[in-house]
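Enquirer: Next input, structure requested:
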Amino acid sequence: MRLHVDIPLRWSDFDAYAHVNNAEMLRLLEEARIQAFWRPDEGTGPGADTAVLDARPGAEMIALIARQEVEYLAPIPYMRAPVDIEMWVGRIGGASLEVCYEVFSPTGVEPRILFTRAATTLVMVTAATGKPQRIPEALRAAWANYVEEPVVFTKRG
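Expert: Below you'll find the model as predicted:
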């Protein structure tokens with residue numbers, strides 16, 4: 001099963017070529033990851049059932065990015081409707097997990113276009129020491145329904 005996270009595009013995401021800049025793609029993926037996996041602040045409403053990471057100041061465990069890979073398949077033109085980012089967990093290790101993404105044209109827009117494939121490896125660490133920390137069972141259980149095969153990159157040389 002995959003999560004669907006709609007992320008609106010900002011005017012500042014675009015470059016002189018009138019498409020989403022490659023560096024801004026990392027921000028779009030970050031926004032989707034935060035919505036999908038980070039617990040919302042008190043009083044801001046419910047998050048996704050996968051939003052179990054505590055990123056607030058004072059958290060005992062934090063997630064650090066160890067690796068990111070992005071494959072750009074088509075330029076994303078300016079659109080007012082948010083892009084549909086499909087997300088899933090490609091692998092859960094001892095202290096790390098791989099978050100996979102496919103960025104599509106907005107929901108309901110035909111033809112549906114796959115713009116980008118990406119993967120981010122997160123490592124859970126103890127905030128005080130920075131040392132890897134085993135992913136707790138509660139987090140594993142929250143993400144279990146979203147584990148699929150990792151993203152397959154097609155443009156590798």
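Enquirer: make it CA atoms for all contacts and neighbour counts henceforth
Expert: Will do.
Enquirer: And the strands in this protein?
Expert: Ranges of strands in the chain, per DSSP state E, are 3-7, 61-72, 83-92, 96-104, 114-126.
Enquirer: and among the ones you listed, the most buried is which?
Expert: Counting by mean count of other Cα atoms under 10 Å, strand 96-104 has the highest mean neighbour count of those, with a mean of 23.
Enquirer: Now Pro132: closest residue in space, sequence neighbours ignored.
Expert: In this structure, Pro132 finds its nearest non-sequential neighbour in Val125, 4.1 Å apart by Cα to Cα, 6 or more residues apart in numbering.
Enquirer: Name whatever forms a beta bridge with Val70.
Expert: Val70 forms beta bridges with Ala118, as assigned by DSSP bridges.
Enquirer: I'd guessed it sits against Val103; true?
Expert: No. Taking contacts as Cα atoms under 8 Å, Val70 lies outside contact range of Val103: 10.6 Å.
Enquirer: which residues touch the residue lying closest to Arg117 once chain neighbours are set aside?
Expert: Distances taken as Cα to Cα, 6+ apart place Glu102 nearest to Arg117, at 4.6 Å, with adjacent residues excluded. By Cα atoms under 8 Å, 6 or more residues apart in numbering, the contact list for Glu102 reads 85-87, 114-118.
Enquirer: measure Glu102 to Arg39 for me?
Expert: In this view, Glu102 and Arg39 are 22 Å apart by Cα to Cα, to the nearest Å.
Enquirer: again with Gly130
Expert: Taken as Cα to Cα, the span from Gly130 to Arg39 is 21 Å.
Enquirer: of the two, who's got more company?
Expert: Neighbour comparison, Gly130 and Arg39: the larger count goes to Arg39, with 19 against 13 (by other Cα atoms under 10 Å).
Enquirer: Tell me, what's the model's pLDDT at that one?
Expert: Note for Arg39: predicted pLDDT of 82.
Enquirer: Low-confidence regions, this structure specifically.
Expert: Judged by pLDDT under 70, the chain has its weakly predicted residues at 41-47, 155-157.
Enquirer: go with 80
Expert: The chain contains residues with pLDDT under 80 at 13-15, 17-19, 40-48, 51, 55, 155-157.
Enquirer: Longest helix in it, by number of residues?
Expert: Assignment by DSSP state H gives helix 22-37 as the longest helix of the chain.
Enquirer: which helices and strands sit right next to it?
Expert: Contacts defined by 3 or more Cα pairs under 8 Å, 6 or more residues apart in numbering; DSSP states H and E place helix 22-37 against strand 3-7.
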